[in-house]
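Student: Provided below for reference: sequence and predicted model.
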Amino acid sequence: MEFKGRISMVEKHELTRKELYDLVWKKPIIQLSKEFGLSDVGLAKICKKHNIPKPERGYWAKLEHGKPTRKTPLPDESDNDQIVIGISAILGKNIRPLSHSQQIKEKRKMYPICENLRGCHPLIHEIKNSVWRENYRYPTLSYPDGIEKKRIMVSKTTKDRALRFLNSLFHYLEARGHEIKMYQQKHDYYDRKDKSPNIIIRDQEVEFIIREKMTQYEKQRKHDWESKYSYKASGKLTFEIDSYCATRTIWSDGAKYRLEEYLYDIILHLLMTARKKNEIDRKAWHEEELRVENEKRRIEEGIHKQKELKKIQRLETDARNWRKSREIREYLKASESLIYEQHGGYDKGSEYDLWLKWANNYADHLDPLKCRNI
């Protein structure tokens, strides 16, 4: 939080654990937190972090009515770490939070807009020196030729102001280590390529749009087929973050504040948008990795299942062939016994002898225990 008083910022001072412990037990934490320029929750977190006990609920009411109270001793008093905390009221300074309008003014002091385009950013120089063409729908607006139409569209009166705003934005972002690049984008309908200036933050492209708002007014129509309304430039600029990840997307000139007043917020939301896009990309990459792993596992399980099925089919086939070979051998044995009973035997080389050898060979061929090693 920002403060005002005899100093513009809250001074930082160091306290020992014992000093903070004495202050916490000297007055209620709600009062003490205001003197520190903190919330009561924030001060309580500092106490918890440094293992400083606080008065229990009802302690100050009991003390006020003269009832007995118990003061929790400071554990491990030998540990006297230095605690850095913002203190101003303790030093006798009158502090109160800045109002919303004062906060905006302070932020603008941090990020002033350039007064002219001398020594401007190379991309701003390129855009400035481009041929500016009128928009066919809104003739009072123009856009730089070769730049994607939806990106920059302003009137002649706001052109310089819009470029100065973009120039300041680009310089502040590059000072933070980010990039501003111009990309070639092929037009959907014509065989030409339009340039698109993009902001690169943490390897993420963040697209933006700066336009002038239009004012609608009713006009006299010469023909019935003509539009009832016409549009003219309002002189009010609008900046938009063209991303589904942005928590806030549009800033505009208003009755109280101009677009330049919001430069700090715009930079902050550009950084937040890039961070969110990174998080979404990481999540998508993780989900894709899981999908690939699941697909690989599914394929491996399918291959394993097919191998198991083939083994089962082979086993069942072998069992059937083994039973069939046993039945054939038993049949051949019974047939040979019958020949001996009826004819007393058979001659070698006879038709029956040849058939018997063939049948035994076929039984051996069917028998998995003989036709292959197990």
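Tutor: The structure has been received and is ready for your questions. Numbers count the residues shown, from 1 in each chain.

Student: Where does pLDDT dip in the stretch 101-250 of the chain?
Tutor: Counting by pLDDT under 70, the stretch 101-250 of the chain shows low-confidence ranges at 101-111, 149, 184-194.

Student: can you give me the helices in it?
Tutor: Ranges of helices within the stretch 101-250 of the chain are 122-128, 156-175, based on DSSP state H, counting those that start in this stretch.

Student: Output those in a markdown table, with mean neighbour count appended to each entry.
Tutor: C-betas here are computed from N, CA, C, even on glycine. Rendered in a markdown table, the data for the helices of the stretch 101-250 of the chain read as follows (neighbours: other C-beta atoms under 10 Å):
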| stretch | mean neighbour count |
| --- | --- |
| helix 122-128 | 17 |
| helix 156-175 | 18 |
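
Student: can you tell me which of the ones you listed comes nearest to Glu341?
Tutor: Glu341 lies closest, by C-beta to C-beta, to one member of the helices of the stretch 101-250 of the chain: helix 156-175, at 109.3 Å.

Student: from the middle of its chain, how far away would that closest one be?
Tutor: The chain centre lies 28 Å from the centre of helix 156-175; the measure is C-alpha atoms, centre = their mean, to the nearest Å.

Student: How many neighbouring residues does the residue lying closest to Lys156 once chain neighbours are set aside have?
Tutor: Nearest non-adjacent residue to Lys156, counting by C-beta to C-beta, 6 or more residues apart in numbering: Ser142, 7.0 Å away. Ser142: 20 surrounding residues under other C-beta atoms under 10 Å.

Student: do Leu366 as well
Tutor: There are 20 residues near Leu366, going by other C-beta under 10 Å.

Student: what residues are up against it?
Tutor: Applying C-beta atoms under 8 Å, 6 or more residues apart in numbering to Leu366 gives the contacts 321-322, 324-325, 328.

Student: quick one, strands of this structure?
Tutor: 3-4, 12-16, 82-86, 96-97, 132-134, 142-144, 152-153, 179-186, 193-201, 204-206, 208-218, 229-241, 250-252 (DSSP state E).

Student: Give the rounded mean pLDDT of the longest helix along the chain.
Tutor: For the chain, the longest helix by residue count, based on DSSP state H, is helix 263-343. Across helix 263-343, pLDDT averages out at 92.

Student: Let me know the pLDDT of Asp79.
Tutor: pLDDT, read off for Asp79, is 63.

Student: leaving aside the residues next to it on the chain, what's closest to Val24?
Tutor: Nearest one to Val24, counting by C-beta to C-beta, 6+ apart, is Lys54 at 5.6 Å.

Student: again with Ile280
Tutor: Per C-beta to C-beta, 6+ apart, closest to Ile280 is Cys245, 6.5 Å.

Student: How about the contacts made by that neighbour?
Tutor: Here Cys245 is in contact with 273, 276-277, 280 (C-beta under 8 Å, 6+ apart).

Student: Please repeat the previous calculation with a cut-off of 10 Å.
Tutor: Contacts for Cys245 (C-beta atoms under 10 Å, 6 or more residues apart in numbering) come out as 204, 206, 272-280.

Student: can I get those in JSON lines with distance to Lys18?
Tutor: Formatted as JSON lines, these follow (distance: C-beta to C-beta, whole Å):
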{"residue": "Gln204", "distance to Lys18": "48"}
{"residue": "Val206", "distance to Lys18": "49"}
{"residue": "Met272", "distance to Lys18": "40"}
{"residue": "Thr273", "distance to Lys18": "46"}
{"residue": "Ala274", "distance to Lys18": "44"}
{"residue": "Arg275", "distance to Lys18": "40"}
{"residue": "Lys276", "distance to Lys18": "44"}
{"residue": "Lys277", "distance to Lys18": "47"}
{"residue": "Asn278", "distance to Lys18": "44"}
{"residue": "Glu279", "distance to Lys18": "42"}
{"residue": "Ile280", "distance to Lys18": "48"}
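
Student: are any of those buried, and which?
Tutor: Neighbour counting by 16 or more other C-beta atoms under 10 Å classes 204, 206, 272-274, 276-277 among the contacts of Cys245 as buried.

Student: Now for these: which two are most distant?
Tutor: Greatest spacing in these, by C-beta to C-beta: Gln204 and Met272 (11.2 Å).

Student: one step back: which one of the helices of the stretch 101-250 of the chain lies closest to Trp60?
Tutor: helix 156-175 (47.8 Å).

Student: Which other helices and strands does that closest one contact?
Tutor: helix 122-128, strand 142-144, strand 152-153, strand 179-186, strand 193-201, strand 208-218, strand 229-241, helix 263-343 (3 or more C-beta pairs under 10 Å, 6 or more residues apart in numbering; DSSP states H and E).

Student: Rebuild those as CSV, extending it with distance to Asn116.
Tutor: Shown next, in CSV, are these (distance: least, C-beta to C-beta, whole Å):
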stretch, distance to Asn116
helix 122-128, 11
strand 142-144, 19
strand 152-153, 19
strand 179-186, 19
strand 193-201, 20
strand 208-218, 18
strand 229-241, 18
helix 263-343, 17
